[in-house]
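Q: mind looking at a prediction? Sequence and model below.
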Amino acid sequence: MEFRELIAKRYSVRAYRPDPVEPERLERILEAARLAPTAANRQPFRVIVAQTAGRTEELRRVYHRDWFVQAPLVLCVCGLTAQAWVRRDGWSALAVDAAIVMDHMILAAADQGLGTCWIANFDAGAARQVFRIPADAEPLLMTPLGLPADAPSPKERKGLGQLVCCERWPAGEE
Ligand SMILES: Cc1cc2nc3c(=O)[nH]c(=O)nc-3n(C[C@H](O)[C@H](O)[C@H](O)COP(=O)(O)O)c2cc1C
């Protein structure tokens, strides 16, 4: 798919078909995660690939939406806090690194006709238990992965004039 088309076509899929994801497609998605840039190339992340079959009840504890467990797979990006690059003023790039990893996977999935939905509003404590995430790692982002069973709505976005400014922040809005 051409890049512009891919960006326009990706949407948050909130209904999935139960068909399995072929291993070759999953591999391409995980390879996109592996090639994602991270601050200082620390690669402070793990991707958990979880089957939903037979785990519906425990996964519902993580994120209580029917569509979360409709897809055959759930991907969870975890950050390794101590391995992340930290700026001199204390700011950690961990969440940004994780978001880039997730975005690479989500675009790679869309490129292959697979649906995803960014999920941050999950129960982190339940995620730790269900995915056995150790204390030095943090579950940061999740997505189901499977064939879409819904259709996109028109994108609601602000205009470029509201999002982009030239040279400096607009006067009067500081
Ligand atoms: C960081 C992040 C967290 C999100 N968390 C959730 C979530 O917990 N649940 C959900 O249904 N959608 C979640 N979304 C999806 C957004 O609501 C969605 O991307 C946005 O409304 C734009 O719609 P689109 O993805 O269809 O273009 C999240 C998106 C991002 C980028």
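A: Yep, that arrived. Numbering: from 1, shown residues only.

Q: show me where the protein has its strands.
A: Along the chain, counting by DSSP state E, strands occupy 45-51, 73-80, 137-145.

Q: now those strands as JSON lines including mean pLDDT and mean neighbour count?
A: For the C-beta atoms, the positions are set from N, CA and C on the backbone; glycine is no exception. Below are those laid out as JSON lines (pLDDT from 0 to 100; neighbours: other Cβ atoms under 10 Å):
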{"stretch": "strand 45-51", "mean pLDDT": "98", "mean neighbour count": "17"}
{"stretch": "strand 73-80", "mean pLDDT": "98", "mean neighbour count": "23"}
{"stretch": "strand 137-145", "mean pLDDT": "98", "mean neighbour count": "23"}
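
Q: out of these, nearest to the ligand?
A: strand 137-145 (6.6 Å; Cβ to the nearest ligand atom).

Q: before we move on, back to that, could I get the strands of the chain as a markdown table with distance to Ala126?
A: Output for the strands of the chain, formatted as a markdown table (distance: least, Cβ to Cβ, whole Å):
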| stretch | distance to Ala126 |
| --- | --- |
| strand 45-51 | 13 |
| strand 73-80 | 12 |
| strand 137-145 | 9 |
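
Q: can you put those strands in a markdown table and add distance to the ligand?
A: As requested, the strands of the chain are exported to a markdown table (distance: least, Cβ to the nearest ligand atom, whole Å):
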| stretch | distance to the ligand |
| --- | --- |
| strand 45-51 | 15 |
| strand 73-80 | 11 |
| strand 137-145 | 7 |
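
Q: what is the mean pLDDT for the lengthiest helix in the chain?
A: For the chain, the helix with the greatest residue count under DSSP state H is helix 94-111. Regarding helix 94-111, the rounded mean pLDDT is 98.

Q: return the set of buried residues in it.
A: Across helix 94-111, burial judged by 16 or more other Cβ atoms under 10 Å covers 94, 96-111.

Q: intersect those residues with the contacts of the ligand.
A: Among the buried residues of helix 94-111, none lies close to the ligand by the criterion of Cβ under 6 Å from any ligand atom.

Q: and the angle for the longest helix of the chain with strand 73-80?
A: 160 degrees (axes from the mean of the first three to the mean of the last three Cα atoms, to 10 degrees).

Q: contacts only, for the spatially most central residue of the chain.
A: Among the residues of the chain, the one closest to the centroid is Met102, at 3.6 Å (Cα atoms, centre = their mean). By Cβ atoms under 8 Å, 6 or more residues apart in numbering, Met102 lies in contact with Leu75, Val77, Trp118, Leu141, Thr143.
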